[in-house]
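[1] Structure for this input, please:
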Amino acid sequence: MLLLFLLLVIVVCVMAYVGELLHHPRRTILARLAYEFSLAHQLASVREATTHATPHIDASPSPAQIFSAVFRDEVSRLQIKRRRRVLIVDDDKDILVLTHGILRKGGYNIDTAHNGAEALRSLTTTNYDLVLLDLMMPKVGGLEVLEQMGRDPATASIPVVVLTAAEGEARKIDSEQVATVLTKSASPAEILDAVNKHAAQEQL
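    Numbering: from 1, shown residues only. Down below sits the predicted model:
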């Protein structure tokens with residue numbers, strides 16, 4: 001009985017609502033339009049008030065501002081790195097091509113020399129952040145290059161990464177300029193890591 005009564009009440013309410021729509025359709029539509037217009041107006045007012053709000057309400061940076069600042073710092077860091085210049089000295093053309101490609105992809109400016117004599121000439125005309133140096137070369141070898149670099153105040157502070165196949169020659173090195181010694185079997189990642197670690201941090 002209770003269920004039947006509730007069903008009857010629902011039917012009566014639905015019929016009353018339908019009758020209202022049939023007798024006053026314009027009133028119902030106009031009321032809905034007025035409501036929608038009022039809501040839109042309220043939203044516009046809220047947006048306008050937010051736009052003209054004083055900036056001191058919340059001084060903390062937004063996520064977009066934080067991202068922008070980090071992005072600018074990263075771009076600046078990469079630009080500094082691209083300005084770094086490395087001199088690669090090796091009489092092996094294949095090694096020159098390989099190391100040139102590795103460091104170029106790492107963002108460095110590269111000059112090359114095929115022997116120690118060429119390297120010393122380049123060092124007198126260009127400021128380098130690091131020298132990647134072979135030891136066994138014709139005319140002027142790597143050990144002599146290190147010796148002459150150490151005598152010249154203009155080149156004495158340039159870090160040197162030795163990349164050599166002559167481990168016996170590497171044991172003869174007596175220079176504080178040599179940051180590290182790598183064999184020519186080193187992987188591209190090891191070569192790039194060594195240069196990144198020891199190259200000057202800034203090139204002004």
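[2] what comes up buried for the helix or strand containing Gly150?
    Element membership for Gly150 (DSSP states H and E) is helix 142-151. For helix 142-151, the neighbour count (16 or more other C-beta atoms under 10 Å) marks 142-146, 148-150 as buried. C-beta: built from backbone N, CA, C; applies to glycine.
[3] Surely Ala117 forms part of a helix?
    Yes - counting by DSSP: H, G, I helix; E, B strand; the rest coil, Ala117 is found in a helix.
[4] Settle this for me: it is touching Val140, isn't it.
    Yes - between Ala117 and Val140 there is a contact under C-beta atoms under 8 Å: 4.6 Å.
[5] hmm, back to that, contacts for the helix holding Gly150, please.
    89, 116, 119-120, 123, 131, 133-136, 155-156, 158, 160, 162, 164, 169, 172-173, 175, 177-178 (C-beta atoms under 8 Å, 6 or more residues apart in numbering).
[6] On the C-terminal side of that helix, identify the next helix or strand.
    strand 160-164.
[7] and the angle for the helix holding Gly150 with strand 160-164?
    Computed by axes from the mean of the first three to the mean of the last three C-alpha atoms, to 10 degrees, the angle separating helix 142-151 from strand 160-164 equals 170 degrees.
[8] For the strand or helix carrying Ile102, the averaged confidence score.
    Using DSSP H and E, Ile102 maps to helix 93-105. Mean per-residue pLDDT for helix 93-105: 95.
[9] For this structure, which segments count as strands?
    Secondary structure of the chain (DSSP state E): strands located at 85-89, 109-113, 130-133, 160-164, 178-183.
[10] Within its sheet, name the partner strands of the shortest one and how each one runs.
    In the sheet containing strand 130-133, its partner strands are strand 85-89 (parallel), strand 160-164 (parallel), by DSSP bridges.
[11] Just the mean pLDDT for that strand, thanks.
    In this model, strand 130-133 has a mean pLDDT of 96.
[12] Compute the distance between His114 and Ile88, please.
    His114 is 10 Å from Ile88, where distance means C-beta to C-beta, to the nearest Å.
[13] where do the contact lists of the two overlap?
    By C-beta under 8 Å, 6+ apart, the residues touching both His114 and Ile88 are Leu96.
[14] of these two, who's got more company?
    Neighbour totals were compared for His114 and Ile88, and Ile88 leads with 27 against 18 (other C-beta atoms under 10 Å).
[15] Is the more buried one bridged to anything, and to what?
    Thr112, Leu132.
[16] How far does stretch 129-142 stretch from one end to the other?
    In stretch 129-142, first residue to last residue: 18 Å (C-alpha to C-alpha, to the nearest Å).
[17] So for that stretch, what gets flagged as buried?
    Quick answer for stretch 129-142 (16+ other C-beta under 10 Å): 129-135, 137, 140-142.
[18] What of stretch 182-191?
    Buried-residue list, stretch 182-191, by 16+ other C-beta under 10 Å: 182, 184, 186, 191.
[19] got the end-to-end distance for it?
    Termini of stretch 182-191 sit 8 Å apart (C-alpha to C-alpha).
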